[in-house]
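Colleague: what follows is a predicted structure for the sequence shown.
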Amino acid sequence: MLRWMRGWRLAVAVAGAAVLLAVASWTTEPGAAASWTTVSQMTEDGVVARGEVLWDPGGEPLSVEDRDQEYPRLVGDGESGAIVVWEDGRGGDPGIYAQRVLSDGTAAWPTNGVSLSGHGSVWYPLVTEDGAGGAIVVWQDWRDGNRDVYAQRVLPDGTVAWATGGVPVRAGPGEQSLSNIVPDDAEGAIVGWRDTTDADADIYAQRVLSDGTSAWVADGVTICATVDDQTGLSLASDGAGGAIVAWTDYRGSDADIYAQRVLLDGTVMWATDGVAACTAAGAQVGPRVVSDGMGGAIVMWEDRRAGEYNIDLYAQRVLSDGTVAWATDGVPLTQAPGYQWAIAVGSDGAGGAIVAWQDERTGDSQIYAQRVLSDGTVAWATDGTWISTETTYGYSPDILGDGAGGAWVVWRCINVHAQRLRPDGTARWTETLLVSNSNTGRGQDYPRLVSDGAGGALVAWQDNRRWYKVDNYDIYAQRIGEVSYRYYFPTVFED
């Protein structure tokens, strides 16, 4: 009896909870009874994925008021939605507004958002989750004629919880600016800022409790008050209610990178005025810091040790006790020619970090990304993985760990685009995702990401689609996910 083999092709598409199954098989052998034994094999090569938008293809409007709404930031609401905050010019002088967008794209609070600042002349909002479905927002405030730091808490229902106009985190003589914020894991937050009360710029921090009161000493805990200026700070949670602060420091002959840890009770843990992450020749500026999940942090920065017109990116890990863990002055993430800058960072979920940046090695600005492991090993392609392969250029990147060792990346090229990366840095999607299909020929900018807690991500951006009427930026949002197609290739034996 003739024994022969025929292949079947079977494809399974998985989109959320839905499974689509297709089978193709046939035989043309006449006059014979047949029996089948099927053995299926699957390889990683049999998985194809693409990105998808889950809301209106143009995005959901959160604020379309007069004048500009700009610089959105967002945090998750714990229910697959987000709270988005932005700087808002509707009253003439900028104020701070917020809106909650639910998992289905519905705006939950009053149309065009709720006012957090209660007045104008405030700028640069930053936000962190409060651990109870709401958010705590910090901003720079000019109400007294100089820059101070104020904060406000907004509850899940849109109620402003603290005093009208916000509570002062630090208000006094001098300039308090360039603030940053992380949660304290007790429905409050830790806020850091640059302070020029004593002429030179120094770094201070304060803990704000869930009721808006300050927990530490009046005017804040001194993080660094050594000679010359300290500026450009970045904060990350230490995982125990405290924070790790990194900054650009001018105490030496060039700008360097230093870091410090402050505990939940306001105790400064490491060496007085911080530990040096990098003191190499040339200027090191613009640090970004992300928790390592073990009480320490990974710090990344722009580095000019190779020359003033050649900006590279470096990283250093500082352990929970202040020990510098990697090579002296850091490990290079990219040493490509030209400028690498505008860093966005996130955790890889395994004690390492992921970073995206604008890259001008070829002349035009493009988006690249890199992963550095907990031991300082650079895991992806030398000098980074090229992300913006299908767009003419790329600006304003943001990056978010996907919980599986990979990452979501968004950037701007007229419209907002997205890509998802595997743990090895390769693209999961065969095409980049257009986050908004609004095609007015004018810009969308400043996209920012947060996890939706359900395997996808939420994106907010400023949007100029109404340019032909008012030429103002508005605030839009989108939820993005992934649909995967898994192919099986059975082998069928017929007797």
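Modeller: Cool, got the structure. Numbering: from 1, shown residues only.

Colleague: please name the nearest non-neighbouring residue to Glu65.
Modeller: Arg90 (4.2 Å; Cβ to Cβ, 6 or more residues apart in numbering). C-betas here are computed from N, CA, C, even on glycine.

Colleague: ok, His107 to Gly59 distance?
Modeller: One correction, residue 107 is Ala, not His. For Ala107, the distance to Gly59 (Cβ to Cβ, to the nearest Å) stands at 12 Å.

Colleague: please identify which of those two sits among more neighbours.
Modeller: Gly59 (27 against 19; other Cβ atoms under 10 Å).

Colleague: so what's that one scoring on pLDDT?
Modeller: Here the pLDDT value assigned to Gly59 is 96.

Colleague: cool, the one 10 residues further on as well?
Modeller: We note a pLDDT of 95 for Gln69 in this prediction.

Colleague: what sits against it?
Modeller: Ser63, Trp86, Glu87, Asp88, Gly89, Arg90, Tyr97, Gln462, Asn472, Tyr473, Asp474, Ile475 (Cβ atoms under 8 Å, 6 or more residues apart in numbering).

Colleague: can I get the residues you listed in TSV with distance to Thr426 and pLDDT?
Modeller: Output for the contacts of Gln69, formatted as TSV (distance: Cβ to Cβ, whole Å; pLDDT from 0 to 100):
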residue	distance to Thr426	pLDDT
Ser63	37	97
Trp86	34	98
Glu87	37	97
Asp88	40	96
Gly89	42	93
Arg90	44	92
Tyr97	39	98
Gln462	31	96
Asn472	39	89
Tyr473	34	94
Asp474	35	96
Ile475	33	97
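
Colleague: among those residues, which one is most surrounded by other residues?
Modeller: Ile475 (32 neighbours).

Colleague: out of the contacts of Gln69, list just those in helices.
Modeller: Among the contacts of Gln69, no member falls in helices (criterion: DSSP state H).

Colleague: which of those fall in strands?
Modeller: Ser63, Trp86, Glu87, Asp88, Tyr97, Gln462, Asp474, Ile475 (DSSP state E).

Colleague: can I get these in JSON lines with distance to Ala161?
Modeller: Conversion of these to JSON lines gives the following (distance: Cβ to Cβ, whole Å):
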{"residue": "Ser63", "distance to Ala161": "21"}
{"residue": "Trp86", "distance to Ala161": "19"}
{"residue": "Glu87", "distance to Ala161": "21"}
{"residue": "Asp88", "distance to Ala161": "20"}
{"residue": "Tyr97", "distance to Ala161": "16"}
{"residue": "Gln462", "distance to Ala161": "26"}
{"residue": "Asp474", "distance to Ala161": "27"}
{"residue": "Ile475", "distance to Ala161": "22"}
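
Colleague: quick check: Pro337 vs Thr389, distance?
Modeller: From Pro337 to Thr389 the distance is 19 Å (Cβ to Cβ).

Colleague: no no, Val75
Modeller: In terms of Cβ to Cβ, Val75 sits 30 Å off from Thr389.

Colleague: neighbour count for these two, which is higher?
Modeller: More crowded of Val75 and Thr389, by other Cβ under 10 Å: Val75, with 21 against 13.

Colleague: all strands of the stretch 1-150 of the chain, in order?
Modeller: Under the criterion DSSP state E, counting those that start in this stretch, the stretch 1-150 of the chain contains strands at 4-7, 9-15, 18-24, 36-39, 47-53, 60-63, 69-76, 82-88, 95-101, 114-115, 122-129, 135-141, 148-154.
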